[in-house]
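1. test case, fold it:
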Amino acid sequence: MPDAMTSAPDAPQRPFTRTVHGDEVADPYRWMADKTDPELLAYLEAENAWTATHTEHLAPLADELYEDIRARTKQTDMSVPLHVTHTDGSAYWYYGRTREGDDYGRTCRIPATNRDDIPDVTEPSPEEEVLIDAQALAQGHDFFSIGLALVSPDGRRLAYSIDTRGDERYDLYVVELATGEVIDGPITGIGAGGVWAGPDWLLYTRVDAAWRPHEVWRHRIGSPADADALVFTEPDERFWVGVDTSRDYQWVFVDLASKTTTETHLLRADDPTGPLTVVQPRRPGLEYSVEMAPDALWILHNDGAPQFKLSRAPLATPGIEHWETVIEERPETRLTGVSVYATAVVVDHRTNALAGVTVIPREADGTLGTLTELTFDEALYDVGSEDSPDFDTDRIRLGYESMVSPPSVWEYQLATGTRRLLKQTPVLDHPVHGAYDPTAYVSERLWATAADGTRVPISLVRHRDTPVDGTAPGLLYGYGAYEAPTMPYFAMSRVSLLDKGFVFAIAHVRGGGELGRPWYDGGKELAKPNTFSDFVACGHVLVDEGHVAPDRLLAEGGSAGGLLIGAAVNLAPELFRAVHAAVPFVDPLTTILNPDLPLTVMEWEEWGNPVEDPEVYACMKAYSPYENIAAVQYPAILATTSLNDTRVEVTEPAKWVARLRDVATNGEDRPILLKTEMVAGHGGVSGRYKGWRERAFQLAWLVDQAGAN
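-> Residues are numbered from 1 along each chain as shown. Modelled structure (predicted):
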């Protein structure tokens with residue numbers, strides 16, 4: 001292998017032929033599937049060295065962008081305290097606290113005497129308890145992530161779990177809060193999920209060899225882990241298992257979900273060794289979620305309603321034959337969540353690529369009043385209700401942000417509709433650019449027309465001084481999978497781009513959830529190619545309408561959005577000047593053909609099953625980024641990944657970069673780079689300062705490629 005400091009690595013090739021449905025495909029980089037192979041590890045290190053060499057000139061710009069983030073961020077800060085009443089009658093205000101210089105925060109609480117008056121916790125009081133000091137727990141670890149962090153229903157104990165590799169396997173501990181003593185654990189190698197069942201029992205999940213949460217286990221506090229009992233196991237490899245609790249801590253939910261079907265079981269929290277009761281047995285294509293109120297189950301579901309409707313059912317007879325419709329399906333609106341309180345029902349939804357919240361008054365006898373649709377002043381925004389832990393509350397909280405308005409927390413009075421701003425994330429004065437002024441920026445909705453005539457929404461933001469004359473640099477972001485929406489959101493790091501004259505846009509392509517279930521269905525399985533052609537159409541609109549210069553359009557996406565980037569540059573390599581693909585799913589057919597790989601079987605309902613269906617195989621082969629690289633000039637490419645990623649194996653971007661180097665005709669001005677975090681997972685590096693450093697590097701590379709530094 002050549003010296004990575006003087007030339008790009010040349011990955012070894014080993015003969016391998018894949019034969020499926022009579023189709024033979026040469027894959028000389030198949031050997032990279034073994035992440036423990038010393039030759040692969042050496043290759044990744046060589047790529048890192050080459051990337052460092054090729055980007056060392058970016059250090060001043062990356063430092064500038066990093067300092068911009070630091071300067072604008074209030075680093076010593078706290079969240080808005082949240083009132084929680086425990087089963088023993090005690091009440092506390094819970095909040096998070098960050099300190100300048102710390103990568104990780106603290107979770108704290110103070111006793112509450114009045115839930116109407118939110119305390120000022122700017123400075124720690126003598127009553128403050130530190131429940132979790134993540135900064136202290138992270139010491140000595142290159143990677144650190146907290147899975148669950150749950151106070152027991154009676155407020156006396158804390159259960160928390162940590163991951164120090166990035167592979168999403170956690171170790172669980174229990175702390176007696178009165179003394180700070182760790183009284184239980186570690187219970188090792190568990191999944192991320194877990195709940196309390198009363199004050200003395202924990203239920204947690206375990207994952208199988210494919211990283212699928214497939215079991216629920218029961219642990220009595222103080223008992224050895226080998227005495228834990230299996231509560232539930234799911235043999236169907238398409239289904240994930242999760243656990244949750246009702247707002248009053250009286251019930252545990254065991255939730256099962258594939259990409260198209262769900263099933264929920266109930267367990268009394270005061271009888272954790274008792275039987276599970278199924279709400280509605282699974283039926284292919286039926287999806288439902290359960291909200292518990294003292295008088296009924298409230299069920300959001302898609303039975304005869306692709307955009308979902310809301311029903312309720314008696315707790316004693318929860319099956320679908322007893323579901324009474326409360327809110328009918330609205331074809332233009334996708335219902336996404338419901339919270340039920342003593343005096344109101346709160347429903348979250350999405351309409352026209354915008355989120356919304358509906359509030360319905362609820363009388364003591366259960367009668368529902370006239371619904372109120374909350375309205376907001378900006379044209380583009382994201383909003384959602386924040387679940388209150390108290391059933392008898394008279395107020396809820398809303399989270400709100402837009403492409404120009406930083407995230408804020410609002411209090412909404414259920415009886416009067418009065419709103420009160422509790423906090424908006426501060427954007428501090430910049431030493432050069434001064435105070436942040438949201439009116440200095442313009443956000444707007446554009447529309448692209450896809451190849452089949454479908455109109456695709458675009459959310460765009462720019463500085464008011466940035467001309468719409470075809471000269472500006474621009475960054476187009478997309479995802480487009482799993483019905484996951486990318487809503488108009490604020491990013492502190494983006495302000496620097498906008499101040500440099502960049503246009504930033506989100507392509508709300510099919511496969512995502514911005515326009516509801518039909519939008520998702522229009523970009524999955526055999527319709528997946530729509531996702532990629534939609535993105536290309538959005539790129540053309542930015543250029544054709546003069547928002548972005550033809551030679552200064554950049555693109556970015558991660559995970560399934562990395563697949564989007566890889567497929568888009570195959571479709572239109574001339575459209576983009578440079579792209580960043582983060583943990584990119586760029587060898588999807590190889591992965592989805594192998595049921596032994598993590599998560600593959602569960603993914604068949606998203607992408608189709610190419611093992612059994614030749615049509616699916618042909619479709620995926622036709623759009624797979626790795627299998628469709630052409631001998632043309634590609635955009636400059638930065639692929640970032642992590643060795644311990646269990647969702648998109650490091651193998652995929654490594655193979656993709658190796659083949660791009662073999663086939664593409666790029667010159668030195670359009671480099672193809674791979675950067676691997678050797679101790680991290682799907683989300684990349686941990687710790688906010690390291691995260692800012694990494695984001696600054698990525699943006700510096702993009703800015704440099706656009707000639708905007």
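2. when you work out contacts or count neighbours from here on, use the C-alpha atoms and nothing else.
-> Fine.
3. pLDDT weak spots in this structure?
-> Within the chain, the stretches with pLDDT under 70 are 1-5.
4. so the most centrally placed residue in it: helix, strand or coil?
-> Centroid-nearest residue in the chain, with CA atoms, centre = their mean: Ala484, separated by 8.3 Å. Of the three states, Ala484 takes coil according to DSSP: H, G, I helix; E, B strand; the rest coil.
5. same check on Met602?
-> Applying three-state DSSP: Met602 is helix.
6. so the residue nearest to the centre of the chain sits against Gly512, correct?
-> Yes: using CA atoms under 8 Å, Ala484 makes contact with Gly512 at a distance of 4.9 Å.
7. with just CA atoms, put the host helix or strand of Leu638 into PDB.
-> Assigned by DSSP states H and E, Leu638 belongs to strand 636-642. Taking Å, rounded to 0.1, in the frame of the first residue of the first chain, the C-alpha atoms of strand 636-642 are listed here in PDB:
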ATOM      1  CA  ALA A 636     -15.400  15.900  -5.000                       C
ATOM      2  CA  ILE A 637     -16.500  13.400  -2.300                       C
ATOM      3  CA  LEU A 638     -16.000  13.300   1.400                       C
ATOM      4  CA  ALA A 639     -17.200  10.000   3.000                       C
ATOM      5  CA  THR A 640     -17.200   9.900   6.800                       C
ATOM      6  CA  THR A 641     -17.900   6.800   8.800                       C
ATOM      7  CA  SER A 642     -17.200   4.900  12.100                       C
END
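8. residues of that strand that come out buried?
-> The neighbour-count check on strand 636-642 (16 or more other CA atoms under 10 Å) flags 636-642 as buried.
9. what's the following helix or strand after it?
-> That would be, after strand 636-642 and using DSSP H and E, helix 651-663.
10. that next one packs against which elements?
-> strand 636-642, strand 672-677 (3 or more CA pairs under 8 Å, 6 or more residues apart in numbering; DSSP states H and E).
11. got the buried residues for the shortest one?
-> Which is strand 672-677. Residues of strand 672-677 classed as buried by neighbour count (16+ other CA under 10 Å): 672-677.
12. could you give the angle of the strand holding Leu638 to strand 672-677?
-> Counting by axes from the mean of the first three to the mean of the last three CA atoms, to 10 degrees, strand 636-642 lies at 20 degrees to strand 672-677.
13. which residues are in contact with strand 636-642?
-> Applying CA atoms under 8 Å, 6 or more residues apart in numbering, the contact partners of strand 636-642 are 577-584, 650, 653, 657, 666, 669-682, 684, 705.
14. now do 7 Å
-> 577-583, 650, 653, 670-682, 684 (CA atoms under 7 Å, 6 or more residues apart in numbering).
15. which stretches in the stretch 351-500 of the chain count as helices?
-> For the stretch 351-500 of the chain, applying DSSP state H, counting those that start in this stretch gives helices covering 492-499.
16. can you identify each of the strands in it by residue range?
-> Taking DSSP state E, counting those that start in this stretch as the test, the strands found in the stretch 351-500 of the chain are 354-361, 372-373, 382-386, 395-401, 408-413, 419-424, 441-449, 455-463, 474-478.
17. please verify my assumption that Val461 contacts Val503.
-> Yes: assessed by CA atoms under 7 Å, Val461 is found in contact with Val503 at 6.1 Å.
18. okay, these two: which has more neighbours?
-> The neighbour comparison of Val461 against Val503 (other CA atoms under 10 Å) goes to Val503, with 27 against 22.
19. what residues are up against that one?
-> Applying CA under 7 Å, 6+ apart, the residues contacting Val503 are 461-462, 472-475.
20. hey, what's it bridged with?
-> Legend: beta-bridge partners of Val503 under DSSP bridges are Arg462, Gly474.
21. among the strands of the stretch 351-500 of the chain, which comes closest to Thr233?
-> strand 382-386 (31.0 Å; CA to CA).
22. between the closest one and strand 354-361, how big is the angle?
-> For strand 382-386 against strand 354-361, the angle by the same axes, to 10 degrees is 40 degrees.
23. picking that back up, neighbour-wise, which one of the contacts of Val503 leads?
-> Counting neighbours by other CA under 10 Å, the top entry in those is Gly474, with 32 neighbours.
24. I'd say that residue and Phe504 touch.
-> Yes: if you go by CA under 7 Å, Gly474 and Phe504 touch, sitting 5.7 Å apart.
25. give the helix, strand or coil label for Trp31.
-> Per three-state DSSP, Trp31 ends up helix.
26. wait, doesn't Ala296 sit right on Ala313?
-> Yes: between Ala296 and Ala313 there is a contact under CA under 7 Å: 5.7 Å.
27. tell me which of these two has more neighbours.
-> Ala313 (20 against 17).
28. mind listing what that one touches?
-> 296-298, 322-324.
29. looking at the helices and strands packed on helix 651-663, which is closest to Asp34?
-> Ranking these by proximity to Asp34 (CA to CA) places strand 636-642 first, at 14.4 Å.
30. centre of the chain to that closest one, how far?
-> 19 Å (CA atoms, centre = their mean, to the nearest Å).
31. stretch 281-290 now?
-> Counting by CA atoms, centre = their mean, stretch 281-290 comes out at 23 Å from the chain centroid.
32. for it, buried residues please.
-> 282, 286-290.
33. which ones among these map onto strands?
-> Of the buried residues of stretch 281-290, the ones assigned to strands by DSSP state E are 288-290.
34. quick check, nearest of the residues you listed to Leu593?
-> Among these, and counting by CA to CA, the member closest to Leu593 is Tyr288, at 29.4 Å.
35. for the residue nearest to that closest one when sequence neighbours are not counted, give me its contacts.
-> Excluding the flanking residues, the one nearest Tyr288 by CA to CA, 6 or more residues apart in numbering is His301, at 4.1 Å. Going by CA under 7 Å, 6+ apart, His301 touches 287-289, 308-310.
36. how near is Asp437 to Arg70?
-> The gap separating Asp437 from Arg70 is 18 Å, by CA to CA, to the nearest Å.
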